[in-house]
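J.: show me how the following folds:
(2 chains)
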Number of protein chains: 2
Amino acid sequence: MLSSIRRQLLGKPMHNKEMATEKLPKWKALAIFSSDALSSVAYGPEQIMLVLAVPGLLTYGYLGPISIVILILLAIVTTSYVQVAKANPLGGGSYAAAQKNLGEISALTAASALFADYTLTVAVSVSAGTAAITSAFPAIAKHDVIIDLLVLFALLMLINLRGVQESAKAFVLPTYSFIVGILVLIIWGVFQSFTHQTPIIPVESLARQWDFTVIFILLRAFANGCSAMTGVEAISNGVPMFKEPQVDNATATTYWMSGLLGVMFIGISFLIMHFHILPLNGVTALSQVAELTFGRNWLYYYIQITTMVVLYLAANTSYNGLPPLLSILAKDGYMPRYLADRGDRLSFSNGIILLSIVAGLLIIVYQGNTEHLISLYAIGVFISFTIAQTGMVVHWRKERTSGWIVRATVNAVGATVTGIVVLIIGITKFSYGAWLVMIFIPVMIYMLRKIRGHYQDVTEQLTMPLAEDTDLLMKDLDPTILPNSQPGKNIVIVPISGLSRIVVRTLNYANVISSDVTALHITINKEAGRSVADQWNQWNSGTQLVTLYSPYRMVIQPLIDYINKIERQKQPEDYITVLIAEFQTKKWWHRLLHNQTGLVLRTLLILHEDVIVTTVPFHLKK
Amino acid sequence: MLSSIRRQLLGKPMHNKEMATEKLPKWKALAIFSSDALSSVAYGPEQIMLVLAVPGLLTYGYLGPISIVILILLAIVTTSYVQVAKANPLGGGSYAAAQKNLGEISALTAASALFADYTLTVAVSVSAGTAAITSAFPAIAKHDVIIDLLVLFALLMLINLRGVQESAKAFVLPTYSFIVGILVLIIWGVFQSFTHQTPIIPVESLARQWDFTVIFILLRAFANGCSAMTGVEAISNGVPMFKEPQVDNATATTYWMSGLLGVMFIGISFLIMHFHILPLNGVTALSQVAELTFGRNWLYYYIQITTMVVLYLAANTSYNGLPPLLSILAKDGYMPRYLADRGDRLSFSNGIILLSIVAGLLIIVYQGNTEHLISLYAIGVFISFTIAQTGMVVHWRKERTSGWIVRATVNAVGATVTGIVVLIIGITKFSYGAWLVMIFIPVMIYMLRKIRGHYQDVTEQLTMPLAEDTDLLMKDLDPTILPNSQPGKNIVIVPISGLSRIVVRTLNYANVISSDVTALHITINKEAGRSVADQWNQWNSGTQLVTLYSPYRMVIQPLIDYINKIERQKQPEDYITVLIAEFQTKKWWHRLLHNQTGLVLRTLLILHEDVIVTTVPFHLKK
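T.: Residues are numbered from 1 along each chain as shown, chains lettered A, B, ... in the order given. Below is the predicted model of the structure:
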């Protein structure tokens, strides 16, 4: 029944052959890769405004200059990432680039930063998507966390567990609808601001006194605005999915994406300033802008709904990013191996579930509050930007292909600028959550290395010399691991609680697998023990019965003591097998009526003793 | 470490020989058996007052008459229970009596009623004890449920898990202190009422108009007051613990207990009327009486504290009553067998834990509200009274010893009266919780019978004919259950994921237990599968390797399909053994790094397939 529900939700299992090989034309690729970057205009400009709109300080007017600085930063990062796409035509992103060019610690730093980045992208985008729709329909605003979690688990997780194939198509229409909507909004708004009497005249508010507080606020506003730049790296990771010529198409798409992002970002910022939008509880800045521009008509709802959809899609890009990264990390031994396995729909199911759980926890802890989540956000993104570009510099120096100096310079500038941004975010947003990411990254690196250490230990203990090496290594080896080494005896112990069909069945099996069988009866009552022994003799099976009296009424401890005694007496190559007879009941509640000694015994023996544990089932017919 | 904490809390395990054989003199027995009955004066009179103090209806004055009716009822029940003690010198209570004299359904009704009664005694007594102390110290009143649960789990449960021996001593001082305190309170209060100007003169309030509402209220007040009679049966269940002459001592102690209960009950009721006590939130009626009599001095605190202690001890009497009853039910097959086992301190640990959990749930559901819990309470008690006494009537008729007619008449009167009380409680308190008990009892009876049915089925399937019957039954038997029947082949399947030391070790063992060994490799990738097969041939162990390609990347399903195929081909007497190699990691978190395929496979195979599952451990050294 469970498996049928699973089939309904996830679809039929898919054959290895069904692995997707579709190559994307530019216009499709733009839709798929840019939803993360473009959707951030829904919260980026607002995040700057939130910091600047401090009452008493005349900083609001700096929204313009800060937006322009971010535009310049975007241009630098874009140029730099075009080089990354050229150097890594196989994709792989900053972890792969750092692994190849910079070494383990940088690679793991990038991996940890990306982990933080991807999980936060999901949490931020889902929260912001819900904020877009609850701005339009305030009645459902109080259920925002529940909506977030529904979208996360019932929509994103399920769609991704079903597999990527279906998601590609889903991107095109919403992303282009969103782009068109925002562009119309900007054009209409700007046109109004030049021709009509506008609702509110922006206040000129540029502090002239450059004290520490003002500078700090401006830098923090800038740090907040950097959240708009997340997702710019997406294309450079996805080069292998482009149609030939891959690198050229990826480059063109990157420029298109950044161009659109720049226009939309500066346009929304302009309109926020123009309408002098201030923070309003429960209503996003973009919603205020749309309402003031269009009025509350269908165009307003169109903006809110496409914004919601594109933000949820942006969350989806992390599902295309983190699970493959985790699978690469798992293959390199830094993450549990099972994160590398593809599920029955060919998606990396374990990674998808992990991402959903972590993002869900973030949403619950931060109560779906976009502003607080974004405080954690930008620093991870810019750390991975910096590492990826530094890696590129090393890469170009190694390759020294024609024009390498120009390319290395571009990446060096990019790395320096993004490095400075990391510092700015780290300092100005330290107490707003950046400290958490700064603790998280080293802890994660420690963990990744610990995991790899364990796998290396295991491999060392398991690897077997093949035929040609046998002579060489023979003397170092535990004799029991060599093929067909002199086989030991098999000492079989059968714990019994009395004489019954289940015991007879178990003993019959015991006699098949060994000629050294002992039945062991642990009695808490001398008389009862004697009566079992009498029955045994009467039955006369030929198997030896040992009766142990347990005056403290324990059953498992005397058995373990007995096994330890045998263990000390046996030859090293001998095996000890404990046969546990176990009822399999017909109905689930029947289980509650039988003590679970067999189960406890099996678990304890398997975990702690060097014995082989065999379960002989006895299926009850009713 | 866990086991050391356990030792600290519970003490050393105790030897079978340490089973208590102490016989109690009357004065000790009175302390032990009467705490339940006597402590009920702390809430019994109050429960009558709560119903009568309805504004607008002149019923308050009937507190006196109702108390006198309850006194008469007490006399009848006491006389009747003295006969029960005489008939059952081995103890056992109403379940045993009904089992012997009335048949299964009556016995199970009694058992179910007693189960409700004992668990409610714990919940009511603990809540009332806490109410006694929070009446004196209102600051802690808001934590009452937490105090209840602490007393229940950290005090009562632990003490009883440590064993009964220690609890006997603990009863004497608190019970006698409580008796002395309450008697002093009554004497002092009555003396004041005759000599001093009393604080409040009782209002004469006897409704003259006997309409339906008034009668209903009076009956409901009576039903509430019956809660004071719980625990009267305790001595008749504990006859074997008395010094010789057991029956005479038990009889005398019963009269003493009922006499004390009667005096205390009527005394407190008188004082409540005298002071015209009304319900006061957070303060018990007894606390109000004590404060008005003594003032708020040490005598007041003495009363509150001894009341609290004796109520907690009353809860403890259920711990002496229910676990042995459960153990008898378990031996008769009506309850899970493990409830019959004595733990390492010789107490019925599983029953003690079950009682604590059920009482804890009752306290949580009813938020430690004594009044609501008492609504559920009295009906169960009087059902078991009625059954026990009806059983006695049958008993005397069977025995026909001298004077049996008198005895049977006494019990018949008792049964009739308590039967009428059951009806009164059932009708007047139906909507106050009696309906819940009336549903609970049949459900519980159904459950008890279902459990016994299962055990009978199991016994039938397990019982083995002994030597003399073999010929007779031979032809009906599954051939594999006979000793030394023609042994089958052992078909061994070893699932492997590649070639490693752990596989070699497992195969070595496989070759010891059988000559028919197949290694089974399930590959999700044809190439990888071929490479494993090549390695296998190079290693050349002589064991057959079967490679199955699983294009849908499932591992467990193809294995189960393979097993089912073998199952169809084999002879009925052949065994199929699946050998599962399993890592045992050094640190707990290493487990998370290995997929749990082995564990899942083992569980699925044991639960659903007719195969023998063997776990060969590989203990990692680091």
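
J.: alpha carbons only for contacts and neighbour counts from here, please
T.: Fine.

J.: residues touching A:Glu291, list them.
T.: Counting by Cα atoms under 8 Å, 6 or more residues apart in numbering or on different chains, A:Glu291 makes contact with A:Tyr300.

J.: do the same with A:Gly433
T.: A:372, A:375-376.

J.: could you export those residues as JSON lines, including pLDDT and secondary structure?
T.: Shown next, in JSON lines, are these (pLDDT from 0 to 100; DSSP: H, G, I helix; E, B strand; the rest coil):
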{"residue": "A:His372", "pLDDT": "81", "secondary structure": "helix"}
{"residue": "A:Ser375", "pLDDT": "75", "secondary structure": "helix"}
{"residue": "A:Leu376", "pLDDT": "80", "secondary structure": "helix"}
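
J.: which one of those is nearest to chain B?
T.: Distance to chain B across the contacts of A:Gly433 (Cα to the nearest Cα) is lowest for A:Leu376, with 27.9 Å.

J.: what sits closest to A:Thr254 if chain neighbours are left out?
T.: A:Ile235 (6.6 Å; Cα to Cα, 6 or more residues apart in numbering or on different chains).

J.: can you check A:Leu286 too?
T.: Nearest one to A:Leu286, counting by Cα to Cα, 6+ apart, is A:Ala42 at 6.2 Å.

J.: how about the residues of the stretch 1-150 of chain A near chain B?
T.: Residues of the stretch 1-150 of chain A that fall close to chain B, judged by Cα under 8 Å from any Cα of the partner chain: A:13-17.

J.: need these in CSV with pLDDT, distance to B:Ala415 and secondary structure, can you?
T.: Formatted as CSV, the residues of the stretch 1-150 of chain A next to chain B follow (pLDDT from 0 to 100; distance: Cα to Cα, whole Å; DSSP: H, G, I helix; E, B strand; the rest coil):
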residue, pLDDT, distance to B:Ala415, secondary structure
A:Pro13, 79, 69, coil
A:Met14, 79, 72, coil
A:His15, 79, 75, coil
A:Asn16, 76, 77, helix
A:Lys17, 75, 80, helix
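
J.: in PyMOL, how would I select just the buried ones from these?
T.: Of the residues of the stretch 1-150 of chain A next to chain B, the buried ones go into a single PyMOL selection, burial set by 16 or more other Cα atoms under 10 Å in any protein chain shown:
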select buried, chain A and resi 13+14+16
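
J.: between the residues of the stretch 1-150 of chain A next to chain B, which is nearest A:Ile383?
T.: A:Asn16 (36.5 Å; Cα to Cα).

J.: contacting residues for A:Ile451?
T.: Contacts of A:Ile451 by Cα under 8 Å, 6+ apart are A:333-336, B:593.

J.: A:Phe265 too?
T.: A:41, A:44-45, A:67.

J.: top of those residues by neighbour count?
T.: A:Pro45 (33 neighbours; other Cα atoms under 10 Å in any protein chain shown).

J.: now that one: closest residue in space that isn't a chain neighbour?
T.: Using Cα to Cα, 6+ apart, the closest residue to A:Pro45 is A:Ser269 (5.5 Å).

J.: how about A:Tyr95?
T.: A:Ala107 (4.9 Å).

J.: what's the first helix or strand after the one helix or strand A:Leu114 maps to?
T.: Using DSSP states H and E, A:Leu114 maps to helix A:104-136. Counting by DSSP H and E, the element after helix A:104-136 in chain order, helix or strand, is helix A:144-150.

J.: neighbouring contacts of that next one?
T.: Contacts for helix A:144-150 (Cα under 8 Å, 6+ apart): A:126-127, A:130-131, A:134, A:360, A:363-364, A:367-368.

J.: next one: stretch A:30-40
T.: A:168, A:171-172, A:175-176, A:227-232, A:234-235, A:253, A:256-257, A:260-261, A:264, A:307, A:310-311, A:313-315, A:317.

J.: centroid residue for chain A?
T.: Among the residues of chain A, the one closest to the centroid is A:Leu355, at 3.2 Å (Cα atoms, centre = their mean).

J.: I'd say that one and A:Asp117 touch.
T.: No - assessed by Cα atoms under 8 Å, A:Leu355 is found out of contact with A:Asp117, at 11.2 Å.

J.: what residue in the stretch 251-400 of chain A comes nearest to chain B?
T.: A:Pro336 (4.5 Å).

J.: my guess is that residue meets B:Leu592, correct?
T.: Yes - with contact defined as Cα under 8 Å, A:Pro336 reaches B:Leu592; the gap is 7.3 Å.

J.: and the longest strand for chain A?
T.: strand A:575-584 (DSSP state E).

J.: just checking, what packs against that strand?
T.: strand A:490-496, helix A:501-513, helix A:597-608, strand A:612-619 (3 or more Cα pairs under 8 Å, 6 or more residues apart in numbering or on different chains; DSSP states H and E).

J.: what's the angle from the helix or strand encompassing A:Thr547 to strand A:490-496?
T.: Per DSSP H and E, A:Thr547 falls inside strand A:544-549. Strand A:544-549 runs at 50 degrees relative to strand A:490-496, counting by axes from the mean of the first three to the mean of the last three Cα atoms, to 10 degrees.

J.: three-state assignment of A:Ser177?
T.: helix (DSSP: H, G, I helix; E, B strand; the rest coil).

J.: so what's it up against?
T.: Applying Cα under 8 Å, 6+ apart, the residues near A:Ser177 are A:Thr306.
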